[in-house]
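1. okay, sequence plus prediction incoming.
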Amino acid sequence: MANFDAKHFSKIDWAVVGAAGVSFICLFLPWYGASYGFYSASVSGWSTSYGWLGGLLIIAAGVYLALHRSEVNLGKVPVTPAVVVLGAAVLGTLIVILRWITLPSGHAGITGFSYGPRIGIYLTIIAGVVQVVAAFGLFRSSGEKLPWAK
């Protein structure tokens, strides 16, 4: 049974969970679009091929930490919670950055036609980087070792 208590959450925990919330909202914002004059069209994070997977991993890192702090039985995981959160945050952020790098972009000067990444993917990258930094701080403060470290 969950035992949610905000007092169990540190500032670092709130940064991880908050970044997950921002990433969730950003999946509904425009990630890619095109515009011509007054006309524009865009697609959300859910429609940008594999980009949504990175957003979901960022969200999963925050949800996992919130559940762990709420003393929910998460079963046996072979690694510690800080490693799970850090791994999901890093992998999710890298996937979103990779998607951003692979999105085509450009413009046709005088006609005013342009296409490329939009605000949603940029905000997701920022949220992911914030979460990675916070998850790294969480990992360092926990005193845990990486699974392959002696």
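-> It's in.
2. identify the residues contacting the residue nearest the centre of the chain.
-> Nearest to the geometric centre of the chain sits Ile58, at 3.1 Å (Cα atoms, centre = their mean). Listed by Cβ atoms under 8 Å, 6 or more residues apart in numbering, the contact partners of Ile58 are 19-20, 23, 88-89, 92-93, 96, 124, 127-128, 131. All C-beta spots, glycine's among them, are computed from the backbone N, C-alpha and C.
3. which of these fall in helices?
-> Of the contacts of Ile58, the ones assigned to helices by DSSP state H are 19-20, 23, 88-89, 92-93, 96, 124, 127-128, 131.
4. dump these to JSON lines, plus distance to Leu29.
-> Below are the ones in helices among the contacts of Ile58 laid out as JSON lines (distance: Cβ to Cβ, whole Å):
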{"residue": "Ala19", "distance to Leu29": "15"}
{"residue": "Ala20", "distance to Leu29": "15"}
{"residue": "Ser23", "distance to Leu29": "10"}
{"residue": "Ala88", "distance to Leu29": "21"}
{"residue": "Ala89", "distance to Leu29": "20"}
{"residue": "Gly92", "distance to Leu29": "17"}
{"residue": "Thr93", "distance to Leu29": "17"}
{"residue": "Val96", "distance to Leu29": "13"}
{"residue": "Thr124", "distance to Leu29": "8"}
{"residue": "Ala127", "distance to Leu29": "11"}
{"residue": "Gly128", "distance to Leu29": "14"}
{"residue": "Gln131", "distance to Leu29": "17"}
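5. just name the closest of those to Ala41, please.
-> For those, the minimum distance to Ala41 (Cβ to Cβ) is 19.7 Å, reached by Thr124.
6. can you give me the neighbour number for the closest one?
-> 31 (other Cβ atoms under 10 Å).
7. surely it touches Ile25?
-> No - at 9.3 Å, Thr124 does not count as touching Ile25 under the criterion of Cβ atoms under 8 Å.
8. thinking again about what came up before, pipe the ones in helices among the contacts of Ile58 into TSV and attach pLDDT per row.
-> Conversion of the ones in helices among the contacts of Ile58 to TSV gives the following (pLDDT from 0 to 100):
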residue	pLDDT
Ala19	96
Ala20	96
Ser23	96
Ala88	95
Ala89	96
Gly92	97
Thr93	97
Val96	96
Thr124	96
Ala127	97
Gly128	96
Gln131	96
